[in-house]
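Asks: Predicted coordinates and the sequence they were generated for:
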Amino acid sequence: MANEFLNIDSYFQGKLSAQEKEAFENNLANDPSLAEDVVFYAHVKCIQRDQILKERHAEWTTQSGNKVVGINFKLISAGIAAILLMIIGVWHFTGSDIQQRTNAYIENDLDQLTNTMGATDDSLKLGKDLYNQKKYTEARVVFDKLINKSPEAIEFAGLSAIKMNDDEEAIKYFKKIEQNTELINNKGKFYLALVKIKQGKIEEGERLLNEVIDQNLGGKNDAKKILE
């Protein structure tokens, strides 16, 4: 906690490098707990500033001939805190909306795999059947055995990993798909975006979804819906 507040203080004091500042702002946009820490930091600073102003105000009023206008210190603190909360609230709810749409997509649109004929149809069909029965661990074992035979198996193994909440492994599968230049409807980057948003890395996920749209990659239409 002490290190977090030291980092927050360094940010507001302008002590961070450009790279550190960008990283801090990215984290602030995607991490509600950090946003709460920033609000708390601002509140503490307001209290400290109020105390200093009150002391100065007392000094001024003791000086003869000075006419001092009353200062509403609580209003100042409340105003600053309210502005911060409003800004952070916008960040938080924007991120939450995208996360909700992404999680709904993973839950509903990736719930079933359709069976198509292929060279490895029997084994692939078995994996799909297990997936459709929500037996994701067993399905992933089947797909892993077919990875060297079928690009689809890599995709389905990654989807199984998402359903198992094994996000880091899912990322590995989807990066393999993304690097496959022979696939016509390559959804690797689209799936990567889903995982990033699921993890709360909203900005990175949005960037990937926009790349999917701009590069006309697999999942383009769904990417548009998630970004709406």
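Replies: Ah, there it is.
Asks: Can you list the residue ranges for helices in this structure?
Replies: 2-12, 18-30, 32-62, 73-104, 121-132, 136-145, 151-163, 167-178, 188-198, 202-214, 220-227 (DSSP state H).
Asks: Leu110 is nearest to which of the ones you listed?
Replies: helix 151-163 (5.7 Å; CB to CB). Every residue, glycine included, has its C-beta placed from N, CA and C.
Asks: would you put the C-alpha positions of stretch 183-192 in PDB?
Replies: Coordinates of the C-alpha atoms in stretch 183-192 are reproduced here as PDB (Å, rounded to 0.1, in the frame of the first residue of the first chain):
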ATOM      1  CA  LEU A 183      -5.700 -19.000 -42.200                       C
ATOM      2  CA  ILE A 184      -8.400 -17.200 -44.200                       C
ATOM      3  CA  ASN A 185     -10.700 -16.400 -41.300                       C
ATOM      4  CA  ASN A 186      -8.000 -15.900 -38.600                       C
ATOM      5  CA  LYS A 187      -9.700 -15.000 -35.300                       C
ATOM      6  CA  GLY A 188      -6.500 -15.100 -33.200                       C
ATOM      7  CA  LYS A 189      -6.300 -11.400 -32.600                       C
ATOM      8  CA  PHE A 190     -10.000 -11.200 -31.900                       C
ATOM      9  CA  TYR A 191      -9.800 -14.000 -29.200                       C
ATOM     10  CA  LEU A 192      -6.700 -12.300 -27.700                       C
END
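Asks: For that stretch, list every residue counted as buried.
Replies: Buried residues in stretch 183-192, counted by 16 or more other CB atoms under 10 Å: 183, 186-192.
Asks: In a markdown table: those, plus distance to Asn132 and pLDDT.
Replies: Converted to a markdown table, the buried residues of stretch 183-192 look like this (distance: CB to CB, whole Å; pLDDT from 0 to 100):
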| residue | distance to Asn132 | pLDDT |
| --- | --- | --- |
| Leu183 | 23 | 83 |
| Asn186 | 23 | 93 |
| Lys187 | 19 | 95 |
| Gly188 | 22 | 96 |
| Lys189 | 25 | 96 |
| Phe190 | 21 | 97 |
| Tyr191 | 18 | 97 |
| Leu192 | 23 | 97 |
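Asks: Looking at those, spot the one nearest Asn26.
Replies: When the buried residues of stretch 183-192 are compared for distance to Asn26, the smallest value, 17.2 Å, is given by Leu192; criterion: CB to CB.
Asks: pretty sure that closest one contacts Glu168?
Replies: No - with contacts counted by CB atoms under 8 Å, Leu192 stays clear of Glu168, the gap being 11.9 Å.
Asks: Which of the helices of the chain comes out lowest on mean pLDDT?
Replies: Mean pLDDT per stretch puts helix 73-104 lowest among the helices of the chain, at a mean of 62.
Asks: For Glu228, give me its contacts.
Replies: Glu228 is in contact with Arg101, counting by CB atoms under 8 Å, 6 or more residues apart in numbering.
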